[in-house]
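[1] Below is the structure, and that's it, no one-letter string:
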């Protein structure tokens with residue numbers, strides 16, 4: 001009788017241990033199924049960059065280039081097909097300057113200076129300007145949406161033509177709402193070469 005009772009007790013203890021082990025395994029499996037797998041990350045991404053993200057620029061933001069501080073007066077949000085980019089007009093004494101921001105696919109920033117002193121137009125595949133030869137890289141037609149002070153309507157159309165020299169200098173032409181061509185020279189700058197202080 002005691003042997004049978006002892007045997008029964010061992011069987012019950014064995015069943016309880018099996019239930020506990022099975023329960024723990026299913027809980028572990030559930031928790032590993034619920035925990036998200038880490039997503040692959042770009043090792044060269046600008047995460048944690050203390051200078052700010054140029055893709056978020058807007059009217060009212062201040063830019064500190066180290067030797068110069070300036071404010072964004074207005075922004076154009078431009079699009080052609082499914083491609084979008086931005087131009088941000090900077091506060092300057094006389095003249096016209098702006099910063100273009102686009103991803104194609106990498107982030108590209110260009111600081112532009114308006115050149116109203118030339119009557120040059122994008123009439124050829126190669127242009128000479130101030131002793132530099134520029135070759136046509138891209139031309140197209142798109143639309144814009146205006147924010148802040150840009151001197152343009154709230155929205156409209158644009159035509160553009162972009163040229164580049166062998167040493168990387170840029171020459172660009174834009175015309176808005178079928179107006180006259182506006183020329184500009186540009187210089188590529190690196191992300192992190194200025195600090196962004198967001199406006200209110």
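    Received the coordinates, thanks. Values in this document were obtained by computation on a predicted structure and should not be read as measured data. Residues are numbered from 1 along each chain as shown.
[2] May I see the buried residues of stretch 165-179?
    By neighbour count on 16 or more other CB atoms under 10 Å, the buried set for stretch 165-179 is 169, 170, 171, 172, 173, 174, 175, 176. For glycine as for every other residue, the C-beta is placed from the backbone atoms N, C-alpha and C.
[3] Just name the closest of those residues to residue 156, please.
    For these, the residue nearest residue 156 by CB to CB is residue 176; the value is 6.0 Å.
[4] what's the next secondary structure element after the longest strand anywhere in the chain?
    Criterion DSSP state E: the longest strand present in the chain is strand 132-148. Downstream of strand 132-148, the first helix or strand assigned by DSSP states H and E is strand 155-165.
[5] can you give me the offset of the following helix or strand past that following strand from its chain's centre?
    Toward the C-terminus, strand 155-165 is succeeded by strand 170-176 as the next helix or strand (DSSP H and E). For strand 170-176, the separation from the chain centroid amounts to 21 Å (computed by CA atoms, centre = their mean, to the nearest Å).
[6] for strand 170-176, packing partners?
    When contacts are defined as 3 or more CB pairs under 8 Å, 6 or more residues apart in numbering; DSSP states H and E, strand 170-176 packs onto strand 107-114, strand 132-148, strand 155-165, strand 182-189.
[7] what does the model give residue 192 for pLDDT?
    The model reports residue 192 with a pLDDT of 89.
[8] for it, helix, strand, or coil?
    Secondary structure assignment for residue 192 (DSSP: H, G, I helix; E, B strand; the rest coil): coil.
[9] show me what contacts the closest residue to it other than its chain neighbours?
    Spatially, and ignoring its direct neighbours in sequence, residue 192 is nearest to residue 51 (4.9 Å; CB to CB, 6 or more residues apart in numbering). By CB atoms under 8 Å, 6 or more residues apart in numbering, the residues touching residue 51 are 191, 192, 194, 195, 196.
[10] Which strand residues bridge residue 102?
    Per DSSP bridges, the residues bridged to residue 102 are residue 85, residue 108.
[11] Surely it touches residue 86?
    Yes - contact criterion CB atoms under 8 Å: residue 102 and residue 86 qualify, at 7.4 Å.
[12] Need the residue closest to the centroid of this structure.
    residue 55 (3.9 Å; CA atoms, centre = their mean).
[13] Confirm that it lies within a helix, as I assumed.
    Yes - counting by three-state DSSP, residue 55 is part of a helix.
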